[in-house]
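Asks: Attaching a predicted model along with its sequence, questions to come.
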Amino acid sequence: MKIAWVITGAGHFLKECLEIVGELKGQAVLFFSKAGLEVTKMYGLNDYLAKGNIYIVNDEKASSPSCGAFAARRYEVLVIAPATSNTIAKCALGIADSLPTNLFAQAGKSQIPILVLPSDIAPKIESVIPSGRTIEVYPRPIDLQNVRILKAFPGVTVTTSIEELKSCLKPYL
C-alpha cells in the first residue's frame with residue numbers, strides 16, 4: 001500500500017473522494033475517524049466501500065498506533081480528503097488528539113508528503129446533503145484562515161477541488 005487516506009466527518013466531496021480511492025486499485029489504505037464512519041453511513045456510501053478493493057484500518061485506540069507506519073515508511077503519501085474545518089483547525093494549530101490529526105502530525109514528522117482537500121475552501125460553497133438536496137454553506141473567516149495557515153506548512157499540499165486532488169495523485173492512478 002502506498003497511500004494512507006483519511007476520511008473525516010465531512011460530507012462535502014465525500015462521494016468523489018471515495019470514487020478516487022476506488023480508482024487507486026488497492027494502492028490506498030482508508031483510515032476513518034469516528035465521524036467519518038458516521039457520515040459515510042449517512043450518505044449511504046457503506047455499500048460502495050464493500051464493493052471495491054479497499055483496505056480499511058479501524059484504529060480506535062487513543063494512542064493511534066497506526067501512526068508508526070509513517071516512521072517505518074510504509075506509505076508514500078498521506079491524503080486527508082475530505083477534511084472537516086475541525087481537522088483543518090487542529091492541524092493548523094499543531095493539535096494531534098484524534099486519528100486524523102495524529103496521522104497528519106506523524107506523516108509530517110516523517111517527511112511523508114501530505115495532500116489535503118478541505119471541505120471549506122471558499123466563502124460560499126454549494127454542498128449536497130445526505131437527502132440529495134443542494135444547500136449553500138458559508139464557511140467562517142477562521143475556517144478559511146486555517147486553510148491558509150495549512151498551505152504554508154512544508155510538505156503539505158492543500159487542494160481546492162477534486163480535479164486538483166486527482167492531478168496530485170496522477171502517479172498512482
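Replies: Received the coordinates, thanks.

Asks: Distance of residue 118 relative to residue 25?
Replies: From residue 118 across to residue 25, the span is 26 Å (Cβ to Cβ, to the nearest Å). For glycine as for every other residue, the C-beta is placed from the backbone atoms N, C-alpha and C.

Asks: Just give the nearest non-adjacent residue to residue 166, would you?
Replies: residue 20 (6.1 Å; Cβ to Cβ, 6 or more residues apart in numbering).

Asks: Just want to know which of residue 118 and residue 25 has more residues nearby.
Replies: Remark: of residue 118 and residue 25, residue 118 carries more neighbours, 29 against 12, as counted by other Cβ atoms under 10 Å.

Asks: Surely that one touches residue 86?
Replies: No - checked against Cβ atoms under 8 Å, the pair residue 118 and residue 86 is beyond contact range at 10.7 Å.

Asks: and the next element down the chain from the lowest-mean-pLDDT helix or strand in the chain?
Replies: In the chain, no helix or strand scores lower on mean pLDDT, DSSP states H and E than strand 55-57, which sits at a mean of 67. Next helix or strand after strand 55-57 toward the C-terminus (DSSP states H and E): helix 68-71.

Asks: where do the helices sit along this structure?
Replies: 14-23, 34-42, 46-51, 68-71, 85-93, 99-109, 141-151, 162-168 (DSSP state H).

Asks: Just tell me which of these ends up closest to residue 6.
Replies: Smallest distance to residue 6 across these (Cβ to Cβ): 4.7 Å, for helix 99-109.

Asks: which ones are touching the residue of the chain positioned farthest from its centre?
Replies: The outermost residue of the chain, judged against the average C-alpha position, is residue 133 (23.0 Å), by Cα atoms, centre = their mean. Listed by Cβ atoms under 8 Å, 6 or more residues apart in numbering, the contact set of residue 133 is empty.
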